[in-house]
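> give me a model of this one.
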Amino acid sequence: MQGPTVFRLLAATACALLLMGWLLPWFIGPFSSGVGFSPQDVVVSGPSTFDGILVYPLAAALLYVLVGALRDSARPTARGLGRGLRRLWRLVLRQSIAPSAAQTSSATPGKDSTASGWAALQPLSRALDVVYGSDRVRSIVALSGLVITFVLWIVVQDVEAVPACGASTAGTAFGCVDKHSITDSAVWLTMYGYGLAALTYGARRWVLTRPNLAFGVAALPFGALLPFMFHQAPDFVLWAASSLAIYMLLALGLNVVVGFAGLLDLGYAAFFAIGAYACASLASPNHHIHLPLWVLIFVGAAVASVFGAILGAPTLRLRGDYLAIVTLGFGEIVPDLATNNVFNLTGGPNGISGIDQPTFGPISFGSNPQWYYWSLLAVSIVVVVFLFNIERSRVGRAWVALREDEVAAAATGINTTSTKLLAFAIGASVSGLAGAFYGSLVTIVSPDDFSFSVSIAVLSIIVLGGIGNIVGVILGSFVVTFVIFWVLQHMNEWSATVSQTFNIPALGGINFTSYTYIVYGAALVLMMLLRPGGLLPSRARRIELETGVESESLAAVQGIA
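Residues are numbered from 1 along each chain as shown. Next comes the predicted model:
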C-alpha cells in the first residue's frame, strides 16, 4: 500500500472527525430548534463563560488544520491544472496567430502576461509555505488543540447537565437527550481528530514508510472507542455492529476468493445464510437447542467452510465468467431451499425467530449493542491478522500465482485443486462466522436477508476499497456501509433539520431514501472512472494499472512477501 495515499487518508480522517465534533448535532438527528448544544452555538451566542472563551482558540486550531489539509490536497491539483492551462494557452496562441505575429509578440512583454499572472500568486504561495511548511508546527498546533479540548471538557464537566426534551430546546428522534452527553461526545471526536492530526504530521516519515502499521495504529483506537464517542446515539452503535462489522467480515472473506485467488464468486451470500441458519437452528426454541454464541461462531464457520469446499469441487475446471455463473446459481439455490423449509430446518418464508442472545452476569448483549460491536471488532482483528499472515505464506503466494496464470502455476508444481478448494473454504468460513454473529444480533433469520444484492454489495466493497488489499477492504466497508446504511437512511431527518433552520421548505419534502441505489451506482461509476484500482489499491494492482503489463504484478507481490 502506498504511503502517500495513507498519509492523505489519515489527514482527511482527522479533518472529518474535527468537523463532526464541531457539527455533532447534525449527525445525531433532527432538532426541533435547529441544532443542539455544540461549539458552533457558543460562537453564535458569544462567549459568556470561561469555557465559551476557550472555544475560540479551539476554532483557530481547527481552521489551521483544515486549511493545511486543503492546501496539501489542492496544491498538486492546482499545479497540474496550471501546467495544463499554460499548455492550452500556448497551443491556442500558436494555432490562432501567424508565426510572424507570434514571433513579434514573443518579443513584447505581453507574451508573458500569463506567466506574470502566475507570478503574482507566488507571494501567497510563499506565505502559505511559511505557515504550513513545518510538520513540527502542525503537530504542535494539533497537540495544542487537543490540550484545549481536554481543558474544555474538564470545565464542562462542572456544568449542570440540563435535560433537553420536547420542542423547547433540543429534543431528538431518540427521546430525551442530555446536553452534557452531546458535549461529551463532541469532545471525544475533537480530541481524537486533533490526536490523529498530530500523529499524521508529527510522524510523516513513519507514516510514509510504514503505511499499514500507521493505518492500524490510527484506526484501531477509533474502532475501540466508537461506542463511547457515539454513546448518545445507540442506533449508530447498532449500525456499526450490524452493518459495518458484519459487512467488513464478509468483504474480508470474499477478498480471499476474489482478491487473492482471482476466483469470481457471485453467490457469496449463500455462505452467509448457512452460518446464520446454523446459529438460528442451534440457539432458538425452534429446535429446542440452546448453544452459546461462542460455540456457534465456530460451528457456523465450520459448516460454511464445508459447503465452500463442496461448491469448489465441481468448479475446479471453470474460470472467469463460467465460474461466476456457477457460483451465482449456488447463491440462488440456498435462499430457495430456506424458503421451502428443506428438511424442516429453516422455518420457511418466515424464517427462525427468538434466537438467543448471550449474557454475562449483568451484561446483556440484547440491550447493549456495543457488546456485539466489541465482540465483532475482536473477531475482525483476529481475522485480519490471520489473513495478513496467510497472504505472505506459501499458500498466499500460490493463490497469487493461480490468479495470474493457472497453467503456469500448475507447471511450477502448485496443486491447483487443493489451492482453489482452500480459497473457497477459508472465504466461506469467514462468511459463516459473520452469519452466526448476524443471526444472534438480529434474533430472526429469514431468506430475504440473503438475496443476490448482498453478494453484489460485498463485491462492490472489495472493488471500491481495492481488490486484494486487506486495508483497502476495511476502508471500503466503512465507506459503503456508512453511505448506504447510515447517511442515506438519515438524510430525510437531516434535511428536515436544515429546512427548519434555514427556512427552506422544499428541502424538507425530498425523500432521499428513494435515491439510495442512484447514489450507490453513481459512486461506483465515478470510482471506476477516477480511481479504477480502488481507494487503496494493492501494490500488484497498482503496477498493473500503471504499466499495463500484468506479468509484473506477480513479481511485485513476491517482492513484498
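> can you list the weak-confidence ranges in this structure?
Residues of the chain that meet the criterion pLDDT under 70 lie in 1-2, 24-52, 74-133, 155-184, 232, 539-561.
> ok, now which ones touch the spatially most central residue of it?
Nearest residue to the geometric centre of the chain (C-alpha atoms, centre = their mean): Phe478, 2.1 Å. By C-beta atoms under 8 Å, 6 or more residues apart in numbering, the contact set of Phe478 is Leu244, Met248. Where C-beta positions appear, they are placed from N, C-alpha and C, glycine not excepted.
> repeat that for the one 10 residues further on.
Leu488 makes contacts with Phe512, Thr513, Tyr515, Thr516, Val519, as judged by C-beta under 8 Å, 6+ apart.
> next SSE after the helix or strand containing Thr501?
If you go by DSSP states H and E, Thr501 is part of helix 488-502. Sequence-wise, the next helix or strand downstream of helix 488-502 (DSSP H and E) is helix 505-508.
> just the contacts of Leu488 now: which is nearest Ala214?
Val519 (30.6 Å; C-beta to C-beta).
> thought that closest one was touching Val483?
Yes: here Val519 lies in contact with Val483, judged by C-beta atoms under 8 Å, at a distance of 7.0 Å.
> next one: phi and psi at Ala283?
Phi and psi for Ala283, reported as degrees, to the nearest 10, are phi -150, psi 50.
> hmm, back to that, helix or strand: which one has the residue nearest to the centre of the chain?
Assigned by DSSP H and E, Phe478 falls within helix 470-482.
> for Leu146, see how far away the residue nearest to the centre of the chain is.
Distance, Phe478 to Leu146, by C-beta to C-beta, to the nearest Å: 24 Å.
> tell me how many other residues crowd the spatially closest residue to Ala273 that is not a sequence neighbour.
Sequence neighbours aside, Phe450 is the residue nearest to Ala273 in space, at 3.7 Å (criterion: C-beta to C-beta, 6 or more residues apart in numbering). Residues within reach of Phe450, counting by other C-beta atoms under 10 Å, total 25.
> return the residues in contact with Phe450.
By C-beta under 8 Å, 6+ apart, the contact list for Phe450 reads Ala269, Ala270, Phe272, Ala273, Ala276, Val334, Pro335, Ala338.
> okay, and which of those map to helices?
Counting by DSSP state H, these place Ala269, Ala270, Phe272, Ala273, Ala276, Val334, Pro335, Ala338 in helices.
> tell me the one among those nearest to Ala434.
Phe272 (6.3 Å).
> returning to that earlier point: just among the contacts of Phe450, which is most surrounded?
Phe272 (34 neighbours).
> Val449 against Tyr277, yeah?
Let me fix one detail, which is that residue 449 is Asp and not Val. No: counting by C-beta under 8 Å, Tyr277 is not a contact partner of Asp449; they are 10.2 Å apart.
> quick one: which of these two has more around it?
Shown here are Asp449 and Tyr277; by other C-beta under 10 Å, Tyr277 has more neighbours (28 against 19).
> what sits against the more buried one?
Each residue near Tyr277 by C-beta under 8 Å, 6+ apart is listed here: Ala338, Leu345, Thr346, Ile352, Gly435, Gly439, Val445.
> tell me which two in those residues are the farthest apart.
Taking C-beta to C-beta as the measure, the contacts of Tyr277 reach their widest spread between Leu345 and Gly435, a distance of 14.7 Å.
> looking at these two, which is more packed in?
Taking other C-beta under 10 Å, Leu345 and Gly435 do not tie; Gly435 has more neighbours (34 against 15).
> can you say which helix or strand has the more buried one in it?
helix 416-442.
> buried stuff in that helix?
416, 419-442 (16 or more other C-beta atoms under 10 Å).
> show me where the stretch 301-450 of the chain has its helices.
320-339, 369-391, 394-404, 406-411, 416-442 (DSSP state H, counting those that start in this stretch).
> got a markdown table for the ones you listed, with distance to Val67 too?
A markdown table is the format used below for those (distance: least, C-beta to C-beta, whole Å):
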| stretch | distance to Val67 |
| --- | --- |
| helix 320-339 | 47 |
| helix 369-391 | 34 |
| helix 394-404 | 43 |
| helix 406-411 | 51 |
| helix 416-442 | 41 |
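> for Leu220, which of those helices is the nearest?
Nearest to Leu220 among these is helix 369-391 (7.6 Å), distances taken as C-beta to C-beta.
> how near is the closest residue to Val207 other than its chain neighbours to Met248?
Leaving aside its sequence neighbours, Val207 sits nearest to Ala214 (C-beta to C-beta, 6+ apart; 4.3 Å). Taking C-beta to C-beta as the measure, Ala214 falls 19 Å from Met248.
> and these two? Which one has more around it.
Neighbour count, other C-beta under 10 Å: between Ala214 and Met248, Met248 has more, with 28 against 23.
> next, give phi and psi for the more buried one.
phi -70, psi -40.
> show me what contacts it?
Listed by C-beta under 8 Å, 6+ apart, the contact partners of Met248 are Ser380, Val473, Ile474, Ser477, Phe478, Thr481.
> how about a cut-off of 6 Å?
Contact analysis of Met248 by C-beta atoms under 6 Å, 6 or more residues apart in numbering lists Ser380, Ser477.
> equivalent analysis for Asn415, please.
For Asn415, the contact set (C-beta under 6 Å, 6+ apart) is empty.
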